[in-house]
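>>> Generate coordinates for the sequence data below:
(2 chains)
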Amino acid sequence: MTSLHQDASAVFRRNPKLAWREIDGEVVIISPDDSVLHELNETASAVWRHIDGKLPLGEIVKTLAETYDAPVETVQADVEELAADLTAKNLLLTSEGEG
Amino acid sequence: MGRLARISAYTRPLHISIGNVSMSLNSSDQPLLQQARIRYRDFPGSRSDGFQITLNRPANPSPSPPNFEYCLRGSRLRVSHSKAEFIDVAHEYALDSLIRILLTVALLPKDGFLLHAASVVREGKAHVFVGRSGAGKSTVASLSPEGTVLTDEISLLRKTDGVWRAHGTPFWGEFRAGGINESYPVAAIHCLVQAAETRLEPIRPKDLLRAILPCVLFFSSGTEANGDLLNILMLFAQSIPCFRLHFRKDPSFWGAIAQ
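Below you'll find the predicted structure:
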């Protein structure tokens, strides 16, 4: 598992080259360059929906912790891990980076 | 027949229609056009207002870039609105490949797509059997009654007047029988899995999407086009009963489907 830790102020955006939709409440993503289908589970889909290129990661963590009534530390660890994973797969871009 | 009449007959375009997509092949490459007349004889078109395809004509500089361009083993396809150019097509197989690619482009705005799947008609409805090479598509076709197989290789699925229909295509695999140029409402889609015992397992639309995506013929790398494709596939997956067919490669699968 990727262990890249994200700063709470880090801002992510979805790679604009991707096509994505929701089916059965979960996000599916096609990467047109390699025709790969990526599927996100319910929790990851919730994170994906909040990522808009403006909201810092810390704010997303806070919102999700309230929504799911979960400890902030636990949510933060999960979101950081997910963000690192999706960034490694070029599905998310940091505010500085281009895919 | 006079010489002029003969020349006129030789240079007339070939009109074909596959899945209600009309195409007119215009070419002076008579041997290739004659092969195409034979290959697509069961899919005649009567309209000249479909895709106008110029085949192996000298390059005509286009004032604007094409909407879609694709190269396949030395042959090239350029599509602009309702016109297409097929360039450097050496034989009928290359022509057939470019027609498939063109169809994927033409079907996208019409809620349609091509799928590596066999389609077989039973009691007036089409059952679609999807799978990669070797999954058993041709076996399904060979185990089905004569005259009921729309295709054993490439299914054309299209939503018309609110109904998903499977259209016969001239694209065939190992079955090698004549294509049926008809369409039927889709009853169900079955993802083929080879197994020791035949049984049918309902699956969720998302599972179907995962199963069929690698089997969809699609050549665009454009974000918008891929988004449109995803919309169509989701619409299909949410409208049609989806199953995983654990398949023993004998006719017992029809019994499982009937239940």
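
>>> where does residue B:99 land in three-state SS?
With DSSP: H, G, I helix; E, B strand; the rest coil as the basis, residue B:99 sits in helix.

>>> State the distance from it to residue A:71.
From residue B:99 across to residue A:71, the span is 59 Å (C-beta to C-beta, to the nearest Å). C-beta here means a position set from N, CA and C on the backbone, and glycine is covered the same way.

>>> Write out the residues of chain A neighbouring chain B.
Proximity of chain A to chain B, by C-beta under 8 Å from any C-beta of the partner chain, involves residues A:16-21, A:23-24, A:26, A:28, A:30, A:32-33, A:35, A:37, A:39.

>>> ok, residue B:26 touching residue B:32?
No - the pair residue B:26 and residue B:32 fails to qualify as a contact (C-beta atoms under 8 Å) at a distance of 11.8 Å.

>>> who has more neighbours, residue B:99 and residue A:71?
Set residue B:99 next to residue A:71 and count neighbours by other C-beta atoms under 10 Å in any protein chain shown: residue B:99 wins out with 26 against 10.

>>> any low-confidence regions in chain B?
Where chain B drops to pLDDT under 70, the residues are B:1-11, B:47, B:58-63, B:174-179.

>>> what about the strands in chain A?
Secondary structure of chain A (DSSP state E): strands located at A:12-14, A:19-23, A:26-31, A:36-39, A:92-94.

>>> just to revisit the earlier point, hmm, which of the residues of chain A next to chain B is lowest in pLDDT?
Among the residues of chain A next to chain B, residue A:35 carries the weakest pLDDT, at 78.

>>> List the residues that contact that residue.
Contact analysis of residue A:35 by C-beta atoms under 8 Å, 6 or more residues apart in numbering or on different chains lists B:213-214, B:218.

>>> Now, those residues that are in strands?
Per DSSP E, strands hold no members of those.

>>> can you pick the most crowded of the residues you listed?
residue B:218 (20 neighbours).

>>> where along chain B do the helices fall?
For chain B, applying DSSP state H gives helices covering B:3-10, B:30-39, B:92-107, B:137-142, B:205-212, B:223-239, B:252-258.

>>> most tightly surrounded among those?
Ranked by mean neighbour count, those are led by helix B:137-142 with a mean of 23 (mean count of other C-beta atoms under 10 Å in any protein chain shown).
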